[in-house]
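K.L.:
Turn this into a model:
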Amino acid sequence: MEGNGLESLEEWLQHISFGRSPSSTTTTAVTARDIAQSWSVLRDCLQRQGGVMGVDHLLALQKLYDCRRSLHVADPQAKLLISLLSSASEPSTLDRARALAMLILAIWVRKSSRVSQSHEAALQSAVDVACKLTTDNQSLIVSERILLLGCLSADSLVSPDSRRLCQDVLAELVGKEKEAIVVMSQGRLADTLAGAGYALFSCYHASLFQSILESLLSLWTAHDGLYACLPHGLMLLHLMEWTGLNLIKLQSASRGMMMEFCVVDKMNAFCVKLPQMASLGVTALDFTAVMAAGGLLRASYNKSPKDFAFLEQLKSSMEDTIVTVAGNVVLNFRPIADRPGNFMLEADPVQFAEWIFGKQGAAGLVPAIRPILHCVAVAVSRCQRISFHANILQCLVVSLLTESFPLQDIYSSKIMSFPDISALGEMEELDKHFGSILFKEAGAMTRVMCNQYCSASRDLKQLVQHLMWEFSQVLYEKHRIFMFRFNSSQQMEDRNRKYPDAMKKIAEDAFFMLVMFLSIAIKNDFSASSNDFQEQLSVITLDALSCVEYFRHTQLQEYSDMVKRTVSCVSKSASACVSLVRRLPSYDDLTQWRDPSKLCCAEYCWYKDEVQTARIYFYLRILPICLKRIPDEVFGMELAPLMFLYMQHPDQNIARGSHAVFVTFMSVNNLSMDSSHNKKDDAISLKEQLVVYYIQRALEAYPRLTPFEGLSSGVQALVRYLPAGSPAIVFCVNSLVQKSHSLYNANSTSNTGHDAEVEGETESAKNLQGLLLHLIFLVDIQILPDLLKLLAQLIIGLPEYVRNMLLGQAYDLVAGSDDAVRKPILVPWLQSLSLICSQINSGTSKSKETKERSTIIKDKDVQLKTDTDKSGGLSLNPTCQKRLVQLSRL
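P.N.:
Predicted coordinates:
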């Protein structure tokens with residue numbers, strides 16, 4: 001009779017339903033002296049006051065009940081309680097005292113193992129009291145009385161006639177006192193269910209069993225299921241599981257013994273009653289039918305020592321019951337209450353998603369249906385192993401997306417008004433949801449949903465995929481608004497700071513739910529699907545993952561494998577790559593907020609948008625793999641603006657990602673680009689067009705925002721992959737020299753006193769100079785003379801210690817080179833440059849230095865000015881100037 005080591009079935013029900021026993025939290029420390037004194041007070045009540053209990057006796061009973069886990073009730077003490085209950089008929093008797101007396105008697109019945117005539121007589125007296133007890137307020141003690149009757153009926157020492165009497169009275173009480181049990185004494189509902197469970201297990205009369213079962217299953221019909229709720233349903237589920245398990249064990253132990261009403265008959269009664277209730281379509285009956293069926297289905301999974309034939313029938317019948325109730329719920333998935341049919345399957349996926357995630361969320365459901373939806377989802381999640389049916393999958397999806405993760409409630413208008421004081425009251429609602437059964441069961445529901453999804457039709461799979469993708473979009477947009485407003489607010493109380501953390505918890509669980517579903521979908525659908533379906537699913541998956549990237553804080557192997565597989569699939573198809581790119585936010589959407597009123601007067605700044613930045617960073621990491629399939633025009637119109645924008649993001653990882661996209665773009669050759677090479681020689685390719693803006697964009701933020709690693713990789717890529725002699729390379733080299741020169745000029749004239757800042761800019765200038773030196777082995781021979789002249793001018797104009805350092809680097813590079821084409825050019829250039837530098841170092845006059853400089857550096861194509869203009873720049877000959885003008889116009 002005791003479950004899982006707990007002292008009572010009622011405590012086991014609360015423990016397995018809610019994870020803990022609520023009653024155990026109120027247990028206080030009671031000493032042996034307190035227990036002895038309490039029994040003395042009760043004996044005094046019987047001897048001196050005729051059994052009329054008062055407040056003192058109530059306190060004594062409460063102390064005894066508080067130590068119920070360790071309390072031992074002997075037969076004399078049980079007789080004392082029975083006498084008190086028998087004589088306590090005056091109106092002054094406290095009903096709570098009588099209820100506690102019955103609970104302590106139930107402890108005695110379950111713990112006592114002594115077999116004697118005295119004990120059997122005491123049991124009979126307890127039966128008489130429990131069956132004949134009368135009170136003006138029956139509703140106040142009905143749950144405790146039902147528990148005592150159930151315990152007595154399950155005791156093997158109670159005579160068959162007394163057992164049947166207890167069961168008759170119990171069935172009558174459960175049937176007549178529905179409102180008192182469900183509404184007035186909700187805290188003691190576990191007592192009622194435990195008593196009924198004991199009676200069902202020990203009943204061997206068909207009619208009586210049916211009476212008890214019907215009374216139990218109709219408890220919530222008094223108010224048409226108004227008080228039906230998930231906690232009640234969970235206790236009913238596990239009660240039926242306990243009953244089923246014990247009946248199966250009894251059948252195993254009976255070894256063919258015949259009884260008047262055997263275990264198989266009881267199981268058949270369940271198989272008939274529950275499907276019948278589900279078929280009526282009554283809300284309150286659906287509630288009890290689905291939870292009872294879930295409990296019995298769990299019991300049927302128990303490994304029995306014998307292969308009982310009735311277990312297969314039980315499984316099939318219970319699954320049919322759950323499917324029927326799920327179908328009743330699905331029929332209410334519609335925005336119009338009187339519309340017939342399955343709206344979820346008949347409507348367009350976009351239309352159905354709008355109903356779920358629209359302004360009213362799932363408010364279109366009939367209010368009484370929502371508890372049934374919860375029960376279907378939780379019952380299925382606790383059963384886990386259940387055959388596929390479309391109704392079950394639909395209920396799980398809707399319950400997860402609207403009940404376990406109710407985005408409309410989590411990001412309610414009051415919470416989104418943060419940091420307004422009106423948002424403070426919503427924290428309690430968020431905390432309640434975090435502790436709710438639906439939220440805790442989300443993981444189990446997701447597992448069952450994934451199992452159901454694997455067996456679904458293609459149309460239903462596509463609907464579920466679209467709903468999951470839409471969920472990620474809604475989560476992205478709502479959390480984006482909230483986090484931006486939170487970060488923009490300057491005056492926040494400490495308690496308000498809990499909001500992002502609280503909302504982050506549920507969003508992170510939503511992330512895991514999405515990852516689990518998408519990974520299962522990819523594994524299941526890639527093996528037996530067409531290429532088009534695989535590509536569509538891959539694009540949806542990658543875009544959904546980008547929306548929840550902000551919530552990813554751990555590296556999951558399933559996540560990494562899924563991303564690699566989907567990116568690989570997309571990268572094989574040009575249409576899939578273009579589809580993926582076009583799911584990116586546009587440049588206007590990135591830099592401006594379409595509805596500024598949602599920001600509550602906060603000025604939008606794109607690089608402060610953390611959620612959007614995380615999404616773009618995800619794309620920056622996967623796009624290089626797809627670039628070879630993306631046409632030039634798509635890259636230029638869709639990707640280039642985004643790449644250039646995030647090239648100046650304060651986060652250096654984001655900036656490096658943008659540079660990596662540029663490097664990959666420069667290295668790939670696609671059809672559109674190849675076809676452009678058939679045009680005239682002076683035609684300017686997209687690469688050359690973008691290089692000019694790339695250099696301008698990168699250098700204007702260097703070194704403040706532009707990471708040198710990204711800039712260096714971008715410059716080397718454009719030098720390698722642009723056509724030989726491209727003016728864009730000349731422009732790049734020229735810009736690098738100007739930037740290095742301007743950094744040194746700024747440092748030499750700086751009076752800020754910030755030594756660290758000056759030192760940092762000096763180091764940045766040195767990095768540019770080192771890059772220029774390495775370019776002499778990368779640029780083509782046509783541009784090499786221009787590069788050498790620009791380098792010479794730069795080195796000559798630097799401080800002495802920097803000149804010497806660069807000359808040393810140049811010597812090392814040239815000496816270590818085996819380039820037979822460049823070395824004959826570089827050696828004399830380096831000798832001449834060294835001579836000029838040595839003359840400057842030995843004190844040559846400034847005018848002579850200027851003269852030597854202009855003598856060394858001149859050419860028919862590029863001629864350096866002997867004096868520096870206002871911008872410190874260089875002038876190119878008309879031919880190069882004309883081509884660069886074309887670039888700048890484009």
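
K.L.:
the helices in the stretch 251-400 of the chain, which residues?
P.N.:
For the stretch 251-400 of the chain, the helices defined by DSSP state H, counting those that start in this stretch cover 263-279, 283-300, 309-330, 343-346, 349-357, 369-383, 390-399.

K.L.:
residues of the fifth one that come out buried?
P.N.:
By neighbour count with 16 or more other C-beta atoms under 10 Å, helix 349-357 contains the buried residues P349, F352, A353, W355, I356, F357. Heads up, the C-betas are built off the backbone N, CA and C, glycines and all.

K.L.:
Which residue, neighbours along the chain excluded, lies closest to the third one?
P.N.:
For A353, ignoring the flanking residues on the chain, the nearest one in space by C-beta to C-beta, 6 or more residues apart in numbering is E470 at 4.2 Å.

K.L.:
Same check on the last one?
P.N.:
Excluding its sequence neighbours, the residue lying closest to F357 (C-beta to C-beta, 6+ apart) is V474, at 4.8 Å.

K.L.:
Surely that neighbour is in a helix?
P.N.:
Yes. Checked against DSSP: H, G, I helix; E, B strand; the rest coil, V474 lies within a helix.

K.L.:
From the structure, what's the count of residues near it?
P.N.:
19 (other C-beta atoms under 10 Å).

K.L.:
again, but for P585
P.N.:
13.

K.L.:
Give me the three-state assignment for it.
P.N.:
coil.

K.L.:
now swap in A820 and tell me
P.N.:
coil.

K.L.:
quick one: which of the buried residues of helix 349-357 is nearest S252?
P.N.:
I356 (46.7 Å; C-beta to C-beta).

K.L.:
if we can go back for a sec, lowest mean pLDDT across the helices of the stretch 251-400 of the chain, which one is that?
P.N.:
In terms of average pLDDT, helix 343-346 trails the rest of the helices of the stretch 251-400 of the chain, at a mean of 64.

K.L.:
The most centrally placed residue in the chain: what's it in contact with?
P.N.:
The centre of the chain sits closest to A510, judged by C-alpha atoms, centre = their mean, with a distance of 1.9 Å. A510 makes contact with F405, F471, L475, V548, F551, according to C-beta atoms under 8 Å, 6 or more residues apart in numbering.

K.L.:
Would you mind measuring from the second one to I520?
P.N.:
F471 sits 16 Å away from I520, taking C-beta to C-beta, to the nearest Å as the criterion.

K.L.:
Ok, the third one next?
P.N.:
Note on L475: its distance to I520, by C-beta to C-beta, is 19 Å.

K.L.:
Just want to know which of these two has more residues nearby.
P.N.:
L475 (27 against 19).

K.L.:
returning to that earlier point: any idea which of the helices of the stretch 251-400 of the chain is most buried?
P.N.:
Ranked by mean neighbour count, those are led by helix 283-300 with a mean of 27 (mean count of other C-beta atoms under 10 Å).

K.L.:
For that one, C-alpha coordinates in PDB please.
P.N.:
Only the C-alpha atoms of helix 283-300 are listed here, as PDB (Å, rounded to 0.1, in the frame of the first residue of the first chain):
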ATOM      1  CA  THR A 283     -14.900  19.100 -21.200                       C
ATOM      2  CA  ALA A 284     -15.000  17.800 -17.700                       C
ATOM      3  CA  LEU A 285     -15.100  14.200 -18.900                       C
ATOM      4  CA  ASP A 286     -12.200  14.800 -21.300                       C
ATOM      5  CA  PHE A 287     -10.200  16.100 -18.400                       C
ATOM      6  CA  THR A 288     -10.500  13.000 -16.300                       C
ATOM      7  CA  ALA A 289     -10.500  10.600 -19.300                       C
ATOM      8  CA  VAL A 290      -7.200  11.800 -20.700                       C
ATOM      9  CA  MET A 291      -5.400  11.900 -17.400                       C
ATOM     10  CA  ALA A 292      -6.700   8.500 -16.200                       C
ATOM     11  CA  ALA A 293      -5.700   7.000 -19.600                       C
ATOM     12  CA  GLY A 294      -2.300   8.500 -19.300                       C
ATOM     13  CA  GLY A 295      -1.700   6.900 -15.900                       C
ATOM     14  CA  LEU A 296      -2.900   3.500 -17.000                       C
ATOM     15  CA  LEU A 297      -0.800   3.800 -20.200                       C
ATOM     16  CA  ARG A 298       2.300   4.400 -18.000                       C
ATOM     17  CA  ALA A 299       1.400   1.400 -15.900                       C
ATOM     18  CA  SER A 300       1.100  -0.800 -19.000                       C
END
